[in-house]
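**Student:** Pasting a predicted model and its sequence here:
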Amino acid sequence: MGNPLLERWRSGHQAIGVWCSSRDPLMAEALASAGPDYVCIDLQHGAPEFADLIGMLQAVQAGGSTAVVRVPENSTALINKALDAGASGVIVPLIDDADAARRAVAACRFPPRGRRSFGPFRANLSRRTIALADIEEVACILMIETASGLENLEEIAAVDGVSALYVGPSDLSIALGMPPASLDEPAFVETLERIQRVAADAGVIAGMHTADGARAAIYVEQGFGMITAAGDLRSLQVAIVGHLNQARSGALAARS
């Protein structure tokens with residue numbers, strides 16, 4: 001089996017996905033069954049722990065989507081664990097420089113290209129192979145969200161083996177001296193354009209995290225290759241609030 005996410009990018013298609021912050025496999029399967037190109041399981045700022053990961057990866061696969069995992073930190077051991085569990089890619093936070101980028105890439109690749117240790121305890125099952133070339137066919141997605149990351153952006157993008165540069169808008173805004181998710185501020189817009197330009201020049205995908213489809217559509221139109229369109233918890237809350245308001249308006253009309 002190939003890697004559907006990498007195959008989309010290689011064929012020139014964008015990948016539009018969703019974010020999973022809950023630790024419930026049923027939620028992960030429900031997200032996957034909605035038809036996204038990927039589901040990201042968030043081990044950095046979400047509720048899932050590594051003990052939850054196998055069930056959630058199985059759920060995403062059962063729902064018919066591709067699973068990526070945001071690991072808590074740029075750690076060879078943690079990246080190896082997520083990939084061995086069957087993730088098709090990792091999102092690595094807080095990449096500050098080219099050395100950090102090289103460490104993340106090396107954790108995704110077996111020797112002599114990297115430092116990944118062989119132990120695909122579930123990846124061999126989900127991929128139906130133990131061939132090294134197939135097992136290491138994973139996406140290495142680096143987050144650009146710090147002042148140092150911006151300062152060293154070109155060097156980070158140039159590291160061989162980087163699949164995508166992914167923007168965390170809240171931390172990037174803070175790095176620029178603004179409140180979280182200052183998406184429409186000129187400084188943020190200019191920085192985002194620079195990240196997209198540098199990614200294109202380096203031949204890697206530019207990715208953007210968003211909270212809703214309307215905002216995601218803007219970045220789809222701008223040509224970003226990886227766009228997270230929604231997350232589970234916020235989307236559920238927004239939907240439930242809408243249903244409650246609709247029901248209450250009906251109750252008010254009935255009383256009138």
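**Tutor:** Great, that's in hand.

**Student:** if I look at residue 240, how far off is residue 234?
**Tutor:** 11 Å (C-beta to C-beta, to the nearest Å). All C-beta spots, glycine's among them, are computed from the backbone N, C-alpha and C.

**Student:** Comparing the two, which residue is more hemmed in?
**Tutor:** Using other C-beta atoms under 10 Å as the criterion, residue 240 and residue 234 rank with residue 234 on top: 13 against 10.

**Student:** Report the contact partners of that one.
**Tutor:** Taking C-beta atoms under 8 Å, 6 or more residues apart in numbering, we find residue 234 in contact with 211, 212.

**Student:** phi, psi of it?
**Tutor:** Residue 234 adopts backbone torsions of phi -70, psi -40, taken as degrees, to the nearest 10.

**Student:** what sits up against stretch 111-122?
**Tutor:** By C-beta under 8 Å, 6+ apart, stretch 111-122 touches 54, 57, 76, 79-80, 83-86, 105-110, 127, 130, 132, 135-136, 161.

**Student:** Just the endpoints, please. Distance across that stretch?
**Tutor:** Stretch 111-122 has an end-to-end distance of 20 Å (C-alpha to C-alpha, to the nearest Å).

**Student:** Show me which residues of that stretch are buried.
**Tutor:** Residues of stretch 111-122 classed as buried: 114, 115, 116, 120, 122 (neighbour count, 16 or more other C-beta atoms under 10 Å).

**Student:** And stretch 68-79, by the same measure?
**Tutor:** 68, 69, 70, 71, 72, 74, 76, 78, 79.

**Student:** Okay, helices next: where are they in the stretch 1-150 of the chain?
**Tutor:** 4-10, 25-33, 50-63, 76-84, 98-108, 123-127, 132-135, 147-151 (DSSP state H, counting those that start in this stretch).

**Student:** Can you lay out those helices as JSON lines showing distance to residue 197 and mean pLDDT?
**Tutor:** Shown next, in JSON lines, are these (distance: least, C-beta to C-beta, whole Å; pLDDT from 0 to 100):
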{"stretch": "helix 4-10", "distance to residue 197": "18", "mean pLDDT": "97"}
{"stretch": "helix 25-33", "distance to residue 197": "31", "mean pLDDT": "98"}
{"stretch": "helix 50-63", "distance to residue 197": "32", "mean pLDDT": "97"}
{"stretch": "helix 76-84", "distance to residue 197": "28", "mean pLDDT": "97"}
{"stretch": "helix 98-108", "distance to residue 197": "18", "mean pLDDT": "98"}
{"stretch": "helix 123-127", "distance to residue 197": "34", "mean pLDDT": "89"}
{"stretch": "helix 132-135", "distance to residue 197": "32", "mean pLDDT": "88"}
{"stretch": "helix 147-151", "distance to residue 197": "13", "mean pLDDT": "98"}
